[in-house]
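Q: Structure of the sequence below:
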Amino acid sequence: MADDPRKTDTSTFPDPVYKETVLKPLFDGAKAHHVDGFRAIDRAHLVMLAETGILDAEQAAAIAKALVDIDREVDVASLTYTGEVEDFFFLIEKELKARLGPDLAGRLHTARSRNDIDHTLFKLALKERIDVLLAKAQNLLEALIEAAEREKETLIVAYTHGQPAQPTTFGHYLSAVVEVLIRDIERVHAGREIVDLSPMGAAAITTSGFPIDRTRVAGLLGFSAPLQNSYGCIAAVDYTTATYGALELMFLHLGRPIQDLQFWTSFEVGQVYVPNALVQISSIMPQKRNPVPIEHLRHLASQTFARARAMLDIMHNTPFTDMNDSEGETQGVGYQAFDSAYRVLDLLSALIAQIRIDPARVGQNIRRSCITVTELADSLVRREGLSFREGHDIAAAVARAVVAMDGDLSADGYPTFTKAFAEATGRQTKIDEKTFAELVSPEHFVAVRTRFGGPAPEPLAAALKGYGHEAEAFARYAVRNAERKANAARELDARFAALMERA
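A: Numbers count the residues shown, from 1 in each chain. Reported below is the predicted structural model:
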């Protein structure tokens, strides 16, 4: 019979390989991302323990002084993981014991667990990153609105299926991007609201028999409120999936107009001009103007999307409980998504502010593609009483003829039009040559599209005004969050200092 391994096991924790492959990376991650969070949690929890009478004033004062001493005396950045303690939490507890002894030092951990501490740390770190992201997204939103206002009358060729389709304005196009970004920002806001609920006080799973005040700790840490169900505090990682789901969608969506800009700056299309400051010249071909910032935007947006998607994949089919899958190293992977996201938002804001439309190339492409001919079909319905299908057939005949002669619809299309109209209807058109030229002009095409959401001046102006109101509301949201964070930090500092006065 084999020996009972529990009786013969002489190994000691940590195994050297486990130390190097798991514990050291986790410790280094805590050093890089969570030192300030640990400090705030320790102080807020200590203030609450004192205010509720779980610790007396003398005990709380001694622990407070020891925490300050640790901050002053331990250079966290220079620490190398040795395996002497399991993780950063136990490092702080070890330092407390060295200063206070095991009995008093151990009292700071009353009514809490690494479970609720960890998820609180992750939420604090996520909120910081979300708020930076929202500030940068706000800058992009304002840059897009400003550009849309500036370019509201600037004609461009709009494409469908990669082919010239209809004229519109660059302002109208950018307004569509604005609307999607507004919805994406709202999704990030929704994710942030979940992140903004504090897990502290859940302890391991079921809270505690001590008379803790979860709302007080949440407020001191700058959270809007405690997350209610204590099991959910350590199991419901929807704060992670909501955040990265919103991030994934934002950068999926931003990648699409970025790809348009890549296409529109090509030599063959050329309707967008990128200034020299954002163009790199080939090392061998001096004639080339490479708008490489757009390429960097495209791949960085894709990297952000992929990193955010990875966070969702990691959460897939994990148990509904506290588990390492959602913790230290996984959170670190997610932070990389924010790093690339910031770069995209900053660079895209700068690009949008500086690019311009090349009117000559737009005019040439409109002429060559006959994209205003849709309005000719519409006008035949309104002016000549034809069905749309009859008008469409006549307009199609005109377009085919003009393209075949490499002509200009406005200047060269009228003879073909009168012929096609007579053949289709058996009568002469009431539209003269001057009116025909006006009807097929890109300016007229845009001007008559006055319906809600259209590119004409009236609906576009109304839309831009509404976008401005949305941007102002987002700015107020950011101010409220910043004020609550600052107020919480001041309150925590004041209450912690009050504990110190008794030391």
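Q: What is the longest helix along the chain packed up against?
A: The longest helix of the chain (DSSP state H) is helix 457-500. Contact here means 3 or more C-beta pairs under 8 Å, 6 or more residues apart in numbering; DSSP states H and E; on that basis helix 457-500 packs against helix 35-51, helix 57-73, helix 114-150, helix 170-195, helix 214-220. Any C-beta I mention is one placed from the backbone N, CA and C, and that applies to glycine too.
Q: can you give me how far the last one is from the chain middle?
A: Averaged C-alpha coordinates place helix 214-220 at 28 Å from its chain's average position (C-alpha atoms, centre = their mean, to the nearest Å).
Q: For that helix, what does the pLDDT average out to?
A: When pLDDT is averaged along helix 214-220, the result is 98.
Q: Please name every helix or strand in contact with that helix.
A: Short answer (3+ C-beta pairs under 8 Å, 6+ apart): helix 214-220 packs on helix 35-51, strand 197-198, strand 225-226, helix 457-500.
Q: what do you get if the cut-off is 6 Å, keeping everything else the same?
A: For helix 214-220, the helices and strands in contact under the criterion 3 or more C-beta pairs under 6 Å, 6 or more residues apart in numbering; DSSP states H and E are helix 35-51, strand 225-226.
Q: Redo the helices and strands packed on helix 457-500 as JSON lines? Include distance to Ser326 and mean neighbour count.
A: Written out in JSON lines, the entries for these read as follows (distance: least, C-beta to C-beta, whole Å; neighbours: other C-beta atoms under 10 Å):
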{"stretch": "helix 35-51", "distance to Ser326": "16", "mean neighbour count": "21"}
{"stretch": "helix 57-73", "distance to Ser326": "28", "mean neighbour count": "18"}
{"stretch": "helix 114-150", "distance to Ser326": "8", "mean neighbour count": "21"}
{"stretch": "helix 170-195", "distance to Ser326": "13", "mean neighbour count": "20"}
{"stretch": "helix 214-220", "distance to Ser326": "20", "mean neighbour count": "22"}
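Q: Quick one: closest of those to Pro459.
A: helix 170-195 (9.1 Å; C-beta to C-beta).
Q: Given the helix or strand encompassing Pro164, what are its sheet partners and their directions?
A: Remark: Pro164 resides in strand 163-169, with elements defined by DSSP states H and E. In its sheet, strand 163-169 lies beside strand 155-160 (antiparallel), with partners assigned from DSSP bridges.
Q: Pull out the buried positions in the partner strand.
A: By neighbour count with 16 or more other C-beta atoms under 10 Å, strand 155-160 contains the buried residues Leu155, Ile156, Val157, Ala158, Tyr159.
Q: Also stretch 10-25?
A: By neighbour count on 16+ other C-beta under 10 Å, the buried set for stretch 10-25 is Pro14, Lys19, Leu23, Lys24.
Q: Where helices are concerned, which of those count?
A: Among these, the members falling in helices (DSSP H) are Lys24.
Q: With distance to His109 as added columns, please give the buried residues of stretch 10-25 in CSV.
A: Listed next are these as CSV, based on distance: C-beta to C-beta, whole Å:
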residue, distance to His109
Pro14, 21
Lys19, 24
Leu23, 20
Lys24, 24
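Q: I'd like the buried residues of stretch 10-25 as JSON lines, with pLDDT and distance to Gly201 appended.
A: As requested, the buried residues of stretch 10-25 are arranged in JSON lines below (pLDDT from 0 to 100; distance: C-beta to C-beta, whole Å):
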{"residue": "Pro14", "pLDDT": "90", "distance to Gly201": "30"}
{"residue": "Lys19", "pLDDT": "91", "distance to Gly201": "32"}
{"residue": "Leu23", "pLDDT": "87", "distance to Gly201": "27"}
{"residue": "Lys24", "pLDDT": "91", "distance to Gly201": "30"}
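Q: quick one: which two of the buried residues of stretch 10-25 are the most distant?
A: Using C-beta to C-beta, the two most remote members of the buried residues of stretch 10-25 are Pro14 and Lys24, lying 9.4 Å apart.
Q: if we can go back for a sec, so can I have TSV of the helices and strands packed on helix 214-220 showing mean pLDDT?
A: TSV is the format used below for those (pLDDT from 0 to 100):
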stretch	mean pLDDT
helix 35-51	97
strand 225-226	98
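Q: Can you add distance to Leu492 and give the ones you listed back as JSON lines?
A: What follows is those, written out as JSON lines (distance: least, C-beta to C-beta, whole Å):
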{"stretch": "helix 35-51", "distance to Leu492": "6"}
{"stretch": "strand 225-226", "distance to Leu492": "16"}
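Q: Outside of the strand holding Pro164 itself, list whatever touches it.
A: Counting by C-beta atoms under 6 Å, 6 or more residues apart in numbering, the neighbours of strand 163-169 from elsewhere in the structure are Lys152, Thr154, Leu155, Val157, Ala158, Tyr159, Ile366, Ser369, Ile371, Pro442, Phe445, Pro455.
Q: try it again with 8 Å
A: Contacts of strand 163-169 from elsewhere in the structure, counted by C-beta atoms under 8 Å, 6 or more residues apart in numbering, are 151-159, 365-366, 369, 371-372, 374, 442, 445-446, 455, 460.
Q: What residues of that strand count as buried?
A: Pro164, Gln166, Pro167, Thr168, Thr169.
Q: In space, what's closest to the first one - neighbours in sequence excluded?
A: What sits nearest to Pro164 in space, not counting adjacent residues and going by C-beta to C-beta, 6 or more residues apart in numbering, is Ser369, at 3.7 Å.
Q: Contacts for stretch 402-415, please.
A: Outside stretch 402-415, the residues that touch it by C-beta under 8 Å, 6+ apart are 367-370, 372-373, 398-399, 401, 416, 433, 436-437, 440-441.
Q: Kindly report the same for stretch 192-201.
A: Counting contacts by C-beta under 8 Å, 6+ apart, the residues touching stretch 192-201 from outside are 41, 44-45, 111-112, 116-117, 119-120, 123, 126-127, 130-131, 134, 207-208, 212-214, 217-218, 221, 223-228, 230, 233-234, 238-239, 242-243.
Q: try 6 Å this time
A: Outside stretch 192-201, the residues within contact range by C-beta under 6 Å, 6+ apart are 116, 119-120, 123, 126-127, 130, 207, 212, 214, 217-218, 223-227, 233, 239, 242.
Q: Same question for stretch 421-441.
A: With contact meaning C-beta under 6 Å, 6+ apart, stretch 421-441 is reached by Thr372, Leu376, Ser379, Ile394, Leu409, Ser410, Tyr414, Thr418, His444.
Q: Which two among those are spaced furthest apart?
A: For the contacts of stretch 421-441, the farthest-apart pair by C-beta to C-beta is Thr418 and His444; their separation is 19.1 Å.
Q: picking up where we left off before, to Gln271, which of the helices and strands packed on helix 214-220 lies closest?
A: Closest approach to Gln271 among the helices and strands packed on helix 214-220 (C-beta to C-beta): helix 35-51, 48.0 Å.
Q: Please report how far the nearest residue to Gly219 once chain neighbours are set aside lies from Asn481.
A: Closest residue in space to Gly219, ignoring its immediate chain neighbours: Ala488 at 6.2 Å, by C-beta to C-beta, 6+ apart. From Ala488 across to Asn481, the span is 11 Å (C-beta to C-beta, to the nearest Å).
Q: Ok, Pro102 next?
A: Pro102 sits at a distance of 40 Å from Asn481 (criterion: C-beta to C-beta).
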